[in-house]
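requesting a structural model of the entry that follows:
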Amino acid sequence: MSTDFIPKADNQFLVWLKTLIAYLQTKFAEWGVPQTDVRDLETLASEFEDALGIAENPSTRTVVTIQAKNDARHAAESKTRVVLKAYVTYNPAVSNADRDAMGLPIHKTTRTPAPVPTDVPEAEIVLPSPAVVEIHFRSAESSHKAKPDGVHGAEFAWAILDTPPVDWKQLIHSAFDTHTPLRLTFEGSERGKTLYYALRWENTRGEKGPWSEIFSAIIP
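Next up is the predicted model:
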């Protein structure tokens, strides 16, 4: 499945998500999708819709409400990808007509498995505002491509530590993003502390490449 099938614009994403959920409600039993997952998607879609309305209203549009909207979207999008990957993407019971009705890509009749990533992402830190760190990533193979062929996204491991870590296992937090950059927001009390992080590619089958070296940045 293409990694770019989810609309980028918030309002278009909301319409697409509601269409997807409505279709899943008619097919979840046939496809083996747990009803609880469909309900979770409904709840997350409703929360995103509410947050979007607040963030778009000039009288309530603030940095806080915009971030709340972004967080709600990320939660809804992440859950959607998990459900699709687990129960729809490679489910032989899901026809091309079903995929078209849900706004999903049509599978090719033949498919070459994505290779396991062998290189590591190149990363650049950007500090756009206080307590916010953005990690921009791209393929080391080409300056014009954000991700290598067959790669779904980048996994990040990170931690705030007093001393440099000696092993990736010390990076106890994780995050995943399909589009650069990954944005991390910290508490005010964490400003000035050292963030250590590493990243690696993950292909469309969930297979992971090698970790990068461990980098560091001071939380602004």
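
hey, where'd the strands end up in this protein?
122-129, 132-138, 151-160, 173-177, 182-185, 194-203, 215-218 (DSSP state E).

distance check, residue 113 against residue 99.
19 Å (C-beta to C-beta, to the nearest Å). Bear in mind the C-beta positions are built from the backbone N, C-alpha and C, glycine included.

go on, residue 42?
Residue 42 is 21 Å from residue 99, by C-beta to C-beta.

hang on, the earlier thing: who's more crowded, residue 113 and residue 99?
Of the pair residue 113 and residue 99, residue 99 is the one with more neighbours under other C-beta atoms under 10 Å, namely 18 against 10.

now that one: closest residue in space, sequence neighbours ignored.
Take residue 99 and drop its neighbours on the chain: the residue closest to it by C-beta to C-beta, 6 or more residues apart in numbering is residue 106, 5.7 Å away.

for that neighbour, the count of nearby residues, please.
Residue 106 has 12 nearby residues by other C-beta under 10 Å.

so what are the domain limits for this structure?
10-102, 122-218 (automatic domain parsing).

how much space separates the residue nearest the centre of the chain from residue 218?
Note on the chain: the residue nearest the mean C-alpha position is residue 177, at 3.7 Å, using C-alpha atoms, centre = their mean. Counting by C-beta to C-beta, the gap from residue 177 to residue 218 is 22 Å.

and if you look at residue 158?
13 Å.

need the overlap of contacts for those two.
Common contacts of residue 158 and residue 218, defined by C-beta atoms under 8 Å, 6 or more residues apart in numbering, comprise residue 195.

can you tell me the closest non-neighbouring residue to residue 213?
residue 198 (6.8 Å).

looking at it, the one you found is touching residue 209, isn't it?
No - look at residue 198 against residue 209 with C-beta atoms under 8 Å: they stay out of range, at 11.7 Å.

before we move on, the earlier item: list the residues that contact the residue nearest to residue 213.
156, 157, 158, 168, 171, 211, 212, 213, 214, 215.

ok, how many other residues are close to residue 207?
15.

and stretch 125-136, which residues are buried?
131, 133, 134, 135 (16 or more other C-beta atoms under 10 Å).

ok, stretch 24-44 next?
Buried residues in stretch 24-44, defined by neighbour count with 16+ other C-beta under 10 Å: 24, 27, 28, 33, 37, 38, 40, 41, 42, 44.
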